[in-house]
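Peer 1: Let's see this in three dimensions:
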Amino acid sequence: MSFLRPEAFSPNGRMLIDLPDKMGFVEGSIQPINRNNLLPERWDRVGGKGGENFTVLPENGIVYTYDQRSIPYLENPSARHVGTFNNNTYFDSIDAIKNGNLEELNRIVIRNGKNELSLNEFKEIRADYIDFQSNINKTIGNIDATYGLEGKAAPWTNGTNGELLMKGGAEQIVTPINAEALEMIE
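Peer 2: Numbering: from 1, shown residues only. Sure thing, here's the model as predicted:
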């Protein structure tokens, strides 16, 4: 209950999670991902592949804890996914999505040995991209999030009493397309 807003549940019974501000980033740590600020080679994600939040796999091989990630879930090794970012493919793919160019995206996808995307798949990915950009403007403000953002996971505190619930501190990456779409493209 300490992770919920004071009203706890909506009229339809959904939990109202008291999420940290700024999409869970420490405000001063937020940086745009771009061709000069590349993604790490490997990513690590806890949760389904429908999400856009990732962390890096640290050089020492010890993965970040849920507490460091500020993820209030029960530990579940089955919910952990790892993968790789291909920076060349990633930036070109995001450009094609941003520009609404399915033909170009499919050229990239085929070069990567993947199946062409249908028009409906592309429309869904592009709609998610547009929603992501709109959400960034509302929650973070004026920042170039064309390719996503990175920074440190913020501590999670109870919005009512200020109690520290999770420490944060992990490297955090938020991409404009989810892990499932990334795997379809890269």
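Peer 1: can you give me the strands in the chain?
Peer 2: 4-9, 15-17, 31-32, 42-46, 53-56, 80-84, 149-152, 156-157, 164-166, 171-174 (DSSP state E).
Peer 1: neighbouring contacts of the longest one?
Peer 2: For strand 4-9, the external contacting residues (C-beta atoms under 8 Å, 6 or more residues apart in numbering) are 1, 15, 16, 17, 18, 159, 160. (Glycine included, C-beta is placed from N, CA and C.)
Peer 1: Determine the number of other residues adjacent to the residue nearest to the third one when sequence neighbours are not counted.
Peer 2: To tie it back to what came earlier, the one meant is residue 16. Leaving out its chain neighbours, the residue that sits closest to residue 16 by C-beta to C-beta, 6 or more residues apart in numbering is residue 5, at 4.3 Å. Other residues lying near residue 5 total 15 when counted by other C-beta atoms under 10 Å.
Peer 1: What is the longest helix out of those in the chain packed up against?
Peer 2: If you go by DSSP state H, the chain has its longest helix at helix 119-139. Contacts defined by 3 or more C-beta pairs under 8 Å, 6 or more residues apart in numbering; DSSP states H and E place helix 119-139 against helix 87-98, helix 102-111, helix 179-185.
Peer 1: Next, format those helices as JSON lines and append mean neighbour count.
Peer 2: Output for the helices and strands packed on helix 119-139, formatted as JSON lines (neighbours: other C-beta atoms under 10 Å):
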{"stretch": "helix 87-98", "mean neighbour count": "18"}
{"stretch": "helix 102-111", "mean neighbour count": "16"}
{"stretch": "helix 179-185", "mean neighbour count": "19"}
